[in-house]
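Enquirer: here you go, sequence then predicted model.
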Amino acid sequence: MVLEKNVLLIILFVWGIPSTYFRSKFRKIVYKTDDWKINIKPVFKKEIVGLFTNLYPENKDYITIRNQYRIYLLIYLILFILYSSQ
């Protein structure tokens, strides 16, 4: 049981590493900027709306990145729930 929890913690940590990549790409499209400072700004409302709705239906990059980010976050959530339930 303890070994499983430790393995899940390691998997959760490793899975969290690419989060900055996905979030950065997604935020740059949502906020329409290439400025690196968007990654450290605590702006969430438009990002959350963009994640759960379709802000730019004509923008194929947005749709692709949004869907990849959704899948990434869903797997992250599942891993977190598995870790928490141990």
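Expert: Structure's in. What do you need?
Enquirer: could you pull out the helices for the chain?
Expert: Counting by DSSP state H, one finds helices in the chain at the ranges 2-16, 19-30, 45-52, 60-85.
Enquirer: can you lay out those helices as JSON lines showing mean pLDDT?
Expert: Compiled in JSON lines, the helices of the chain are given as follows (pLDDT from 0 to 100):
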{"stretch": "helix 2-16", "mean pLDDT": "91"}
{"stretch": "helix 19-30", "mean pLDDT": "93"}
{"stretch": "helix 45-52", "mean pLDDT": "94"}
{"stretch": "helix 60-85", "mean pLDDT": "95"}
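Enquirer: make TSV from these and add mean neighbour count and distance to Asn39 to it.
Expert: C-beta: built from backbone N, CA, C; applies to glycine. Shown next, in TSV, are the helices of the chain (neighbours: other CB atoms under 10 Å; distance: least, CB to CB, whole Å):
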stretch	mean neighbour count	distance to Asn39
helix 2-16	12	15
helix 19-30	16	5
helix 45-52	13	11
helix 60-85	14	14
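Enquirer: nearest to Ile38, of those?
Expert: Smallest distance to Ile38 across these (CB to CB): 5.0 Å, for helix 19-30.
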